[in-house]
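Visitor: A structural model of the following input is requested.
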Amino acid sequence: MIKLISPNHFSKHIFWYGVVLYVILGHTAVAQKHDQQYSHQFSLEYFKGFIFKHSDEVAHVAVSHPTGVVLEYDKHTYGYKRWEYEYRYPDVGYTLIYLDYNNPVLGQSVSPMAHFNYYFNRNRDSKHDFKFKFAFGPAFHTHPYDRETNNKNNFLGSTFSFAMQMQFSYDHDISEKLAVKSGFSLTHFSNASISKPNKGINIIAANLGLIYKIDDKQIEQKSYEKEDYSGQPIKYNVCVSTGLSESLKEGNGVFPFFVLNTYADKRVSRKSAFSVGLDYFVSYSLREEAKYDPNLRGKEKPDFKRAGVTVGYELFWHDLSFLFQYGHYFYRPYQRFKPKYQRLGLKYYLNEKLFVSFMLKTHLQKAEAGEFGVGWRL
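Guide: Below is the predicted model of the structure:
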């Protein structure tokens with residue numbers, strides 16, 4: 001039987017997976033050529049919110065109002081790379097979050113993230129900015145689930161997890177160096193079912209803070225001629241992914257899974273491509289669940305392997321891309337999950353053909369696995 005180390009021992013490795021993704025995203029965002037020009041700023045925010053009750057199973061713990069602070073470093077871009085112009089001269093940088101759940105069951109969380117700010121009204125002469133932030137990285141939790149000492153926390157099943165934040169904000173300049181920042185944010189923590197329970201926690205909050213502009217350079221924004229992508233050939237992608245997932249039967253261990261993801265994509269612009277493809281899934285934790293499924297007691301165990309067909313969209317950003325796929329199983333003998341699934345995540349292109357990826361596979365709000373892969377785009 002394929003069985004790996006216990007989930008409690010393995011959960012610390014989630015942090016390092018998150019660190020790798022954080023470094024890749026942060027390096028792509030911040031590390032640029034020395035001869036390019038940028039301006040920089042810091043911001044400090046306070047936030048207060050509530051825990052979104054996404055199911056009745058978490059109602060007993062989703063009762064408090066979390067508070068916290070956010071420290072953020074931003075680097076303004078001005079089009080010195082083509083992707084900066086395509087995304088309306090965004091900010092790139094780092095976010096550090098400290099969050100107190102004000103709940104003895106949940107404790108506190110800390111997360112460093114790399115982020116991207118998209119401006120809806122990028123105008124250097126305006127004193128008003130509306131923007132959207134997306135951030136991703138690892139997270140540390142002080143009070144994760146423990147069967148003996150903290151069995152009420154079914155939100156967070158491990159000390160380390162992945163973190164994601166989305167925020168809409170409004171900035172208003174009050175001087176050449178200072179600006180007030182306000183907005184609303186959604187912060188999500190999950191370990192992608194590497195360790196259970198893993199209901200995943202969502203904090204919706206109102207934010208208020210102050211921005212300090214380190215420099216206020218008068219840098220010209222570069223622009224480019226529009227490119228024609230109508231003649232782009234169809235590209236073929238093959239990606240092999242793996243990871244670990246804990247069996248639903250508590251204490252039964254963590255098991256590997258393997259994914260073969262193949263799809264053809266057509267790029268329609270510098271930023272966008274659409275795709276269709278096929279997936280093949282082999283999850284040994286699913287095999288273990290079938291062994292202990294009370295509905296299958298005394299019956300022949302069905303095949304735990306699955307296959308599906310997908311349609312997808314890929315959003316390109318420099319060496320990174322965001323991939324979303326919507327799938328439907330056409331082969332699913334063991335019907336543990338619903339027939340439709342979603343895969344979303346990041347691809348980092350090492351060169352024009354080779355990439356590494358991290359994908360989160362879900363069935364609507366229920367996460368199944370976090371997939372780490374390597375692939376080829378031909």
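Visitor: quick one: low-confidence ranges for the protein?
Guide: 1-36, 123-125, 216-217, 248-252 (pLDDT under 70).
Visitor: where do the helices sit along it?
Guide: 7-30, 82-86, 284-291 (DSSP state H).
Visitor: okay, now the residue nearest to S269 when sequence neighbours are not counted: neighbour count?
Guide: Excluding its sequence neighbours, the residue lying closest to S269 (C-beta to C-beta, 6 or more residues apart in numbering) is Y229, at 5.3 Å. From N, CA and C alone the C-beta is placed, and that goes for glycine too. Y229: 14 surrounding residues under other C-beta atoms under 10 Å.
Visitor: Let me see the contact set for Y229.
Guide: R267, V268, S269, R270 (C-beta atoms under 8 Å, 6 or more residues apart in numbering).
Visitor: Kindly report the same for H188.
Guide: Applying C-beta under 8 Å, 6+ apart, the residues contacting H188 are A163, M164, Q165, G200, I201, N202, I203.
Visitor: which ones among those residues are found in strands?
Guide: Counting by DSSP state E, the part of the contacts of H188 found in strands is A163, M164, Q165, I201, N202, I203.
Visitor: From what I see, the fourth one and F155 are in contact.
Guide: Yes. With the criterion set as C-beta atoms under 8 Å, I201 and F155 qualify as a contacting pair; they are 4.1 Å apart.
Visitor: what's the overlap in contacts for the two?
Guide: Contacts common to I201 and F155, judged by C-beta under 8 Å, 6+ apart, are I51, L106, F189.
Visitor: mind listing the strands for the stretch 1-150 of the chain?
Guide: With strands called from DSSP state E, counting those that start in this stretch, the stretch 1-150 of the chain shows them at 39-51, 67-76, 91-100, 108-119, 128-141.
Visitor: For stretch 67-77, buried residues please.
Guide: T67, G68, V70, E72, Y73, D74, K75, H76, T77 (16 or more other C-beta atoms under 10 Å).
Visitor: got a markdown table for those residues, with distance to H115 too?
Guide: A markdown table is the format used below for the buried residues of stretch 67-77 (distance: C-beta to C-beta, whole Å):
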| residue | distance to H115 |
| --- | --- |
| T67 | 21 |
| G68 | 16 |
| V70 | 10 |
| E72 | 7 |
| Y73 | 9 |
| D74 | 8 |
| K75 | 11 |
| H76 | 13 |
| T77 | 13 |
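Visitor: And those residues, which is closest to E176?
Guide: H76 (14.7 Å; C-beta to C-beta).
Visitor: can you tell me which residues contact the closest one?
Guide: Contacts of H76 by C-beta under 8 Å, 6+ apart are Y38, S39, H40, Q41, Y89, D91.
Visitor: May I ask which of the residues you listed has the most neighbours?
Guide: D91 (24 neighbours).
Visitor: now the nearest residue to S241 once chain neighbours are set aside, which residues is it bridged with?
Guide: Leaving aside its chain neighbours, S241 sits nearest to G373 (3.2 Å; criterion: C-beta to C-beta, 6+ apart). Following DSSP bridges, G373 is listed with bridge partners S241, S357.
Visitor: Pull the contacting residues for G373.
Guide: C239, V240, S241, T242, V259, N261, V356, S357, F358, M359.
Visitor: Check the burial of L286 by counting its neighbours.
Guide: Neighbour tally, L286, other C-beta under 10 Å: 22.
Visitor: Skipping adjacent residues, who's closest to it in space?
Guide: L286 sits nearest to F304 (C-beta to C-beta, 6+ apart), 4.5 Å away.
Visitor: how about that neighbour, what does it touch?
Guide: Per C-beta under 8 Å, 6+ apart, neighbours of F304: V282, S283, Y284, L286, R287, A290, P333, Y334.
Visitor: so which of the strands of the stretch 1-150 of the chain comes closest to K177?
Guide: strand 39-51 (9.1 Å).
Visitor: Does anything pack onto the closest one? Which helices or strands?
Guide: strand 67-76, strand 178-190, strand 201-213 (3 or more C-beta pairs under 8 Å, 6 or more residues apart in numbering; DSSP states H and E).
Visitor: what comes up buried for that strand?
Guide: Buried residues in strand 39-51 (16+ other C-beta under 10 Å): S39, Q41, S43, E45, F47, G49, I51.
Visitor: same deal with stretch 321-334?
Guide: So, applying 16+ other C-beta under 10 Å, buried residues of stretch 321-334: S321, L323, F324, Q325, G327, Y329, R332, Y334.
Visitor: give the contact list for the fourth one.
Guide: For Q325, the residues meeting the contact criterion (C-beta under 8 Å, 6+ apart) are Y263, S275, G277, T310, V311, G312, Q342, R343, L344.
Visitor: List buried members of those residues by neighbour count.
Guide: Of those, these count as buried by 16+ other C-beta under 10 Å: Y263, S275, G277, T310, G312, Q342, R343.
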